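Novice: Generate a structure from the sequence data that follows.
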Amino acid sequence: MADGVLSFPLTSFHADGTLDPDGFRAHIAAQIATGPGAVFPACGTGEFFSLDEEEYGQVVTIAVEEAAGRLPVVAGTGYGWAQATRFARIAEEAGADALLVLPHYLIAAPQDGLVAQLERLAERTPLPLVAYQRGQVAYTAASIRRLAAVPTVIGLKDGHSDLDRLQRLTLAAPEDFLFFNGASTAEIQARAYATVGVPAYSSAVHAFAPEIANAFFTALRNGDDGTTEKLLREFYVPLVELRDRVPGYAVSLVKAAARLRGRPVGPVRAPLTDPSAADLADLERLLTTGLDLVGASL
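Specialist: All right, here's what the predicted structure looks like:
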């Protein structure tokens with residue numbers, strides 16, 4: 001998965017909030033055509049927690065059909081292990097290659113419980129599992145050793161950006177255990193993550209501007225510090241500042257940017273809200289700047 005940007009596609013909705021399967025098919029086909037390392041449908045950027053089981057099945061099925069075996073399809077799952085198992089079975093039937101286990105709902109839990117959550121799910125699905133630590137989920141090195149002993153737990157996505165903790169986790173895990181950077185706007189910290197042995201990262205920007213995401217990935221891989229820093233300074237840092245204005249903009253702005261480019265993704269579902277007119281205008285100016293930097297157009 002370190003061979004390309006990891007794509008987290010948006011889930012398309014009609015204006016009335018209902019699922020738009022045709023829009024999603026067009027969106028994910030366009031994402032796959034840009035050559036990501038893997039595609040992760042129905043995860044955080046794809047508003048997993050807003051989907052019912054039938055909608056989830058449609059989204060994962062379309063992703064598998066469009067990927068057609070050319071790259072891994074890692075579907076989201078979550079809530080408690082019992083409900084996560086229901087989604088896992090749907091993903092398995094749809095042909096997904098693996099599952100990203102999103103943080104459980106609401107409560108804080110001890111390490112024994114966090115490990116048990118993955119163990120219970122692993123007992124009920126043959127699909128490989130990637131744990132996601134973010135919010136109330138943060139594993140210790142001892143827990144990672146226990147998870148790595150579960151044959152189908154294959155990796156960890158990190159959203160905490162605590163590099164001291166992350167280095168301890170990478171050293172505790174076996175060499176073939178996968179790690180990737182799942183911080184919001186992961187490009188901001190991509191160089192730092194790479195220094196602790198985690199070069200792979202997810203990219204929300206890829207969902208609306210794969211030209212920018214791929215240009216950054218290439219520059220970073222080639223050691224082109226000038227391009228990397230120019231994109232960070234003039235596009236990614238301002239994007240983070242805009243994202244931080246309103247809770248939920250980590251998804252809402254991505255969808256709005258995709259709509260600005262004519263992508264058939266529709267609005268976000270409540271409790272998320274679409275950007276204000278003023279923020280949308282700022283987003284359009286920033287998107288134009290970013291595309292200009294890589295020689296693309298809106």
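
Novice: quick one: buried residues of the helix or strand hosting Gln31?
Specialist: Using DSSP states H and E, Gln31 falls within helix 21-33. In terms of neighbour count (16 or more other C-beta atoms under 10 Å), helix 21-33 has its buried residues at Gly23, Phe24, Arg25, Ala26, His27, Ile28, Ala30, Gln31, Ile32. No exception for glycine: its C-beta is placed from N, CA and C like everyone else's.

Novice: Now do the contacts for the last one.
Specialist: I take that to be Ile32. Ser7, Val39, Glu66, Ala67, Arg70, Leu71 (C-beta atoms under 8 Å, 6 or more residues apart in numbering).

Novice: hmm, 7 Å instead?
Specialist: Applying C-beta atoms under 7 Å, 6 or more residues apart in numbering, one finds that Ile32 lies in contact with Val39, Glu66, Ala67, Leu71.

Novice: Most widely separated two among those?
Specialist: The most widely separated members of the contacts of Ile32, counting by C-beta to C-beta, are Glu66 and Leu71 (10.1 Å).

Novice: Between the two, which is the more surrounded one?
Specialist: Legend: neighbour count by other C-beta atoms under 10 Å for Glu66 and Leu71, higher for Glu66 (22 against 19).

Novice: okay but that one is in contact with His27, surely?
Specialist: No: using C-beta atoms under 7 Å, Glu66 makes no contact with His27, being 9.5 Å away.

Novice: before we move on, the earlier item: looking at the buried residues of helix 21-33, which is nearest Glu187?
Specialist: Gln31 (16.8 Å).

Novice: can I assume the closest one is in contact with Leu10?
Specialist: No: look at Gln31 against Leu10 with C-beta under 7 Å: they stay out of range, at 9.0 Å.

Novice: residues shared between the contacts of the two?
Specialist: By C-beta under 7 Å, 6+ apart, Gln31 and Leu10 have these common neighbours: Ala207.

Novice: Sort out for me which of the contacts of Ile32 are in helices.
Specialist: Per DSSP state H, helices hold the following members of those: Glu66, Ala67.

Novice: Return the residues in contact with Pro199.
Specialist: For Pro199, the contacting residues are Ala2, by C-beta under 7 Å, 6+ apart.

Novice: From Leu220, how far out is it?
Specialist: Pro199 is 8 Å from Leu220, where distance means C-beta to C-beta, to the nearest Å.

Novice: and what of Ala108?
Specialist: Noted for Ala108: a distance of 35 Å to Leu220, by C-beta to C-beta.

Novice: what do you get for Val59?
Specialist: In terms of C-beta to C-beta, Val59 sits 30 Å off from Leu220.

Novice: and the longest helix for this structure?
Specialist: From DSSP H, the single longest helix across the chain is helix 277-293.

Novice: quick one: buried residues of it?
Specialist: Asp279, Leu280, Asp282, Leu283, Leu286, Leu287, Gly290, Leu291, Leu293.

Novice: just stretch 244-255 next, same as before
Specialist: For stretch 244-255, using 16+ other C-beta under 10 Å, the buried residues are Tyr249, Ala250, Val251, Ser252, Leu253, Val254, Lys255.

Novice: low-confidence ranges in the chain?
Specialist: Across the chain, the ranges flagged by pLDDT under 70 are 1.
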